[in-house]
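Chemist: All I have is the shape, not the residue letters:
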């Protein structure tokens, strides 16, 4: 019995070692020539591929070293970066305009309907101050608006006969104060709508998360590869399309026709790009240049609204400021697209950049940098429209 037990123990030990050895061989990284056809994309990345692993092993491989590790993490970290920026924007970006920053308040007061204000006071006063008094009130208000010294200004601007604290004076104060509040308060308590900005942030997060999932899971099977690759293309189209929303909406918020025209055009173009990506063979290596050209063309269509914005607001420093950000974003995206299409630098030294430094990783980093540049431009748009309105 002892001998038999020992033999069984040895057999079990050999069986356990055999299973562990089989798993080690089964989940070993392979070279490019060993890949099935649907996983062959870049022949200049020679080794360190995962091939048709089970889902559990793929999920765990996020913490191991292979040629997709940095592809996964560059965009996964980018996703968490934009998630943090979204929360920060929702909580910290002021929803009330600082009166000290309202440099355009003089223009608002200059446009105030003083004749309407004058007529509203008819029912309150036995006799009215003349229009020159109201103009004086407006001019004094310009220099003291940050302190809201409405009552003091009223006493100073009205004739002496109305300076006593009688019922008519109370009516004047109330009417004047309500009129000034109606002019200025909307700017302080109703900031410009934020949905275009948050739409862009949502598109960026969707793109980055979809890309990470694609690089992590695409080597599971041909079916899963087809699904996650289409999700990746949809994310790219979503990022490009939603990137238009803040500049177009905030540039043409006072011109609904062009606002709807540009937003409608890029939305239709984004949906068309997503549908086009579902065509059979769109993901194949031979269509790499076509894919890049499609998405690059979408991005280049932003030139029209940017030039239009500069023509309309050439005198506004915010227009130039946001355009500089947008040009930088375009440069970053353009370099990324070129590096991706040309497969630089791995084409110069095949096998040397399998783990780190190949074109797709550089492309990912440039995409995150470009999206962050666009976020900075969005903050300028918000501040501009919060302060200046139309």
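Modeler: Arrived safely. Note that the structure is predicted; figures quoted are calculated from it, not measured.
Chemist: pLDDT weak spots in this structure?
Modeler: In the predicted model of the chain, residues 1-26, 94-190, 390 satisfy pLDDT under 70.
Chemist: Quick one: residues contacting residue 383.
Modeler: residue 318 (CB atoms under 8 Å, 6 or more residues apart in numbering). The way it works is simple: take the backbone N, C-alpha and C, and place the C-beta from them, glycine included.
Chemist: next one: residue 210
Modeler: Applying CB under 8 Å, 6+ apart, the residues near residue 210 are 228, 231, 232, 234, 235.
Chemist: Near the fourth one, how many other residues are there?
Modeler: Other residues near residue 234 come to 20 when the count uses other CB atoms under 10 Å.
Chemist: wait, doesn't it sit right on residue 274?
Modeler: Yes - contact criterion CB atoms under 8 Å: residue 234 and residue 274 qualify, at 4.8 Å.
Chemist: ok, back up a step: of the contacts of residue 210, closest to residue 347?
Modeler: residue 232 (22.1 Å; CB to CB).
Chemist: Got the domain ranges for the chain?
Modeler: What automatic domain parsing lists as the domains of the chain is 1-26, 62-95+193-388, 99-189.
Chemist: Run through who's touching the host helix or strand of residue 270.
Modeler: Assigned by DSSP states H and E, residue 270 belongs to helix 256-276. The contact list for helix 256-276 (CB under 8 Å, 6+ apart) reads 233-234, 237-238, 240-241, 244-245, 248-249, 252-253, 282, 294-295, 298, 301-302, 304-305, 308.
Chemist: Which members of those residues occur in helices, if any?
Modeler: 233-234, 237-238, 240-241, 244-245, 248-249, 294-295, 298, 304-305, 308 (DSSP state H).
Chemist: out of these, which are buried?
Modeler: The neighbour count (16 or more other CB atoms under 10 Å) marks 233-234, 237-238, 240-241, 244-245, 248-249, 294-295, 298, 305, 308 as buried among those.
Chemist: And those, which is closest to residue 88?
Modeler: residue 245 (19.1 Å).
Chemist: wait, which of the buried ones among the ones in helices among the contacts of helix 256-276 is closest to residue 385?
Modeler: Nearest to residue 385 among those, with distances taken as CB to CB, is residue 249, at 9.0 Å.
Chemist: Can you tell me the closest non-neighbouring residue to that closest one?
Modeler: residue 196 (4.0 Å; CB to CB, 6 or more residues apart in numbering).
Chemist: in what helix or strand does the one you found lie?
Modeler: Assigned by DSSP H and E, residue 196 falls in helix 195-217.
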